[in-house]
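>>> attaching a predicted model along with its sequence, questions to come.
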Amino acid sequence: MLEGEYVSVARAWDFQREAGVSDVPVEIEKYLAFANVDLRISFDLRDDEAGQTFPIGEGHIIVVNGHQSIERQRFTVLHELAHIRLELPSIHGQSISIDQLLRYHIRPREEILCDIFASECLLPRQHFIVDVRKRPCTMQSIQELADLYSASLTATGSRFAAYNETPCAWLLADEGRIRYVSCSRTMREMGFFLNIGTQVPAKSVLGRLLVGTSNVTAGVPDIVPSYIWINNDCRGCEEFTETSVGALGRSQGLALLVAEDVQPGAVLSRDALQDDDDLLPELDGILKFPDRKRRK
């Protein structure tokens with residue numbers, strides 16, 4: 001992670017503490033009150049418009065599209081708060097579009113830093129890492145956590161992989177190509193690597209799902225040889241359990257890869273790894289899971 005990304009995460013931690021955010025799903029209202037920002041829900045915005053921000057006096061007004069999912073609205077609010085807190089110029093101007101939120105590969109650096117800040121505020125590390133490590137490494141676990149934190153599947157899966165002790169990777173594909181990869185530390189230690197921008201393998205579950213192959217069902221895990229996804233040496237791993245889902249109406253898809261039958265010695269021992277967990281850039285998403293539960 002680059003210096004600017006570390007700064008975004010650290011500033012998000014400060015924001016959580018100063019705003020008094022401690023429960024999940026996080027109370028967006030606490031962030032807004034501390035930042036002196038008024039939130040308004042509008043049903044008059046265009047379908048492709050996620051939100052707008054306007055300065056007013058010593059504060060700001062954030063307007064979000066009431067036609068969008070609650071998860072998307074929450075992320076939009078925190079993304080706009082990131083611009084205010086990080087004092088980063090808004091490359092998208094006053095209005096942020098759905099494409100600008102979802103098309104990760106075309107996002108300017110400033111917007112990605114705001115995504116990182118927003119994701120850290122939405123999925124607080126001190127809670128999320130505990131919840132990850134008491135669940136199996138499955139797509140169902142990611143869905144459960146997305147529900148619990150009232151967050152998108154995309155953002156939740158990204159952080160789920162980054163904090164997992166199981167060798168796994170979370171992938172986002174857009175327009176048939178890999179646009180984002182989040183790996184567990186153990187997966188990287190095995191030598192797993194994917195080039196951003198490469199074509200989604202045609203024989204992978206995700207590849208078959210994106211082209212509409214009839215014998216593939218979204219969300220159902222399948223075993224695939226590791227060479228389908230990678231051509232480098234992924235030490236001690238010959239197969240992945242792949243679970244993939246697609247987004248209707250867009251050429252996007254998500255995949256969870258979990259290394260199977262890892263040979264002894266393929267992954268460094270926990271004592272040989274640093275104690276600090278990697279913090280990877282997070283994404284907003286397009287798949288929603290609306291049930292919300294508040295932790296007391």
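Right, received. Where do you want to start?

>>> which of the helices or strands spans T241?
T241 belongs to strand 239-247 when elements are defined using DSSP states H and E.

>>> just list what that strand packs against, helices and strands only.
Helices and strands touching strand 239-247, by 3 or more CB pairs under 8 Å, 6 or more residues apart in numbering; DSSP states H and E, are helix 205-210, strand 222-225, strand 252-260. From N, CA and C alone the C-beta is placed, and that goes for glycine too.

>>> quick one: which of those is nearest P124?
Taking CB to CB, strand 252-260 is the member of these nearest to P124, at 22.1 Å.

>>> mind listing what's buried along that closest one?
Residues Q252, G253, L254, A255, L256, L257, V258, A259 are the ones in strand 252-260 that count as buried (16 or more other CB atoms under 10 Å).

>>> quick check: the first one vs A33, distance?
Noted for Q252: a distance of 35 Å to A33, by CB to CB, to the nearest Å.

>>> residue boundaries of the helices in the stretch 101-250 of the chain?
Here the stretch 101-250 of the chain has its helices, by DSSP state H, counting those that start in this stretch, at 109-122, 125-133, 139-149, 153-162, 185-189, 205-210.

>>> quick revisit: which one of the buried residues of strand 252-260 sits closest to N231?
Lowest distance from N231 to the buried residues of strand 252-260 (CB to CB) belongs to L257, with 14.8 Å.

>>> follow-up on the earlier one: now the helices and strands packed on strand 239-247 in a markdown table, with mean pLDDT and distance to H127?
Shown next, in a markdown table, are those (pLDDT from 0 to 100; distance: least, CB to CB, whole Å):
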| stretch | mean pLDDT | distance to H127 |
| --- | --- | --- |
| helix 205-210 | 92 | 29 |
| strand 222-225 | 94 | 32 |
| strand 252-260 | 94 | 21 |
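
>>> these: which one's closest to E87?
For E87, the closest of the helices and strands packed on strand 239-247 is strand 252-260, at 31.3 Å, according to CB to CB.

>>> what packs against that closest one?
Packing contacts for strand 252-260, counted by 3+ CB pairs under 8 Å, 6+ apart, involve helix 153-162, strand 168-174, helix 205-210, strand 239-247.

>>> quick one: contacts of the third one?
Helix 205-210 is contacted by residues 171, 173, 176, 200-202, 215-216, 218, 222, 224, 242-246, 251, 253-255 when judged by CB atoms under 8 Å, 6 or more residues apart in numbering.

>>> which of those count as buried?
Using 16+ other CB under 10 Å as the burial test, those include 171, 173, 200-201, 216, 218, 224, 242-246, 253-255 as buried.

>>> picking up where we left off before, among the helices and strands packed on strand 239-247, which is nearest R74?
Closest of these to R74 is strand 252-260, at 18.9 Å (criterion: CB to CB).

>>> and the residue sitting nearest the centre point of the chain, what pLDDT?
Of all residues in the chain, the one closest to the mean position by CA atoms, centre = their mean is A155, 2.0 Å from it. For A155, the pLDDT comes out at 89.
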